[in-house]
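Enquirer: I need the structure of the sequence given here:
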Amino acid sequence: MALKESDELLTVFDTEQESEAMVVQSLLESAGIESVIKSLDAPQDVLPGVGGVVVQVAPEQADEARKLIADSREGGPEAADEAESAGAAGQATEAGGDPSI
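Expert: Numbering: from 1, shown residues only. Next comes the predicted model:
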């Protein structure tokens, strides 16, 4: 089921940077959690510099998504590298390759 902005969704992450929201969306997708990115831009002629971006998920996945985001932030770049390596090893194993590569 593809999520749409019109679905009932909960915000699990907010930022001023769209690129940061895209990284979080990728993290969630890698864990099997569908999400949408929604822009909160305000009219710049009325409220200059106001706005941002939120990542939203289905209500039943919100707690899991928040935990995943928090764990990722606590672990820093090392945790991200470790998760990426583990994912690559799992993909190599599934494809019949050597996971030690």
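Enquirer: Could I get the pLDDT score of E16?
Expert: Looking at E16, its pLDDT is 85.
Enquirer: same thing with A58?
Expert: pLDDT for A58: 95.
Enquirer: how much space between it and I33?
Expert: Remark: distance between A58 and I33 (C-beta to C-beta, to the nearest Å) = 8 Å. For glycine as for every other residue, the C-beta is placed from the backbone atoms N, C-alpha and C.
Enquirer: for this structure, what helix or strand is lowest in average pLDDT?
Expert: In the chain, no helix or strand scores lower on mean pLDDT, DSSP states H and E than helix 62-94, which sits at a mean of 69.
Enquirer: What distance do you get for E29 to V55?
Expert: 11 Å.
Enquirer: so what's in contact with the two at the same time?
Expert: Here E29 and V55 have S35 as joint contacts, going by C-beta atoms under 8 Å, 6 or more residues apart in numbering.
Enquirer: Counting neighbours around each, name which of those two comes out higher.
Expert: Between E29 and V55, V55 has the larger neighbour count (other C-beta atoms under 10 Å), namely 26 against 11.
Enquirer: which residues does the more buried one form a beta bridge with?
Expert: F13, I37 (DSSP bridges).
Enquirer: Go ahead and confirm it touches I33.
Expert: No: using C-beta atoms under 8 Å, V55 is not in contact with I33; the gap is 9.9 Å.
Enquirer: Spit out the residues that contact the two alike.
Expert: Applying C-beta under 8 Å, 6+ apart, one finds that V55 and I33 are jointly contacted by A65.
Enquirer: Name all residues that make contact with A31.
Expert: Per C-beta under 8 Å, 6+ apart, neighbours of A31: E64, L68.
Enquirer: ok, 10 Å please
Expert: Q61, E64, A65, K67, L68, S72, A83 (C-beta atoms under 10 Å, 6 or more residues apart in numbering).
Enquirer: and it, how far is that from Q56?
Expert: Taking C-beta to C-beta as the measure, A31 falls 16 Å from Q56.
Enquirer: Same question for D14.
Expert: From D14 to Q56 the distance is 10 Å (C-beta to C-beta).
Enquirer: Much appreciated, bye for now.
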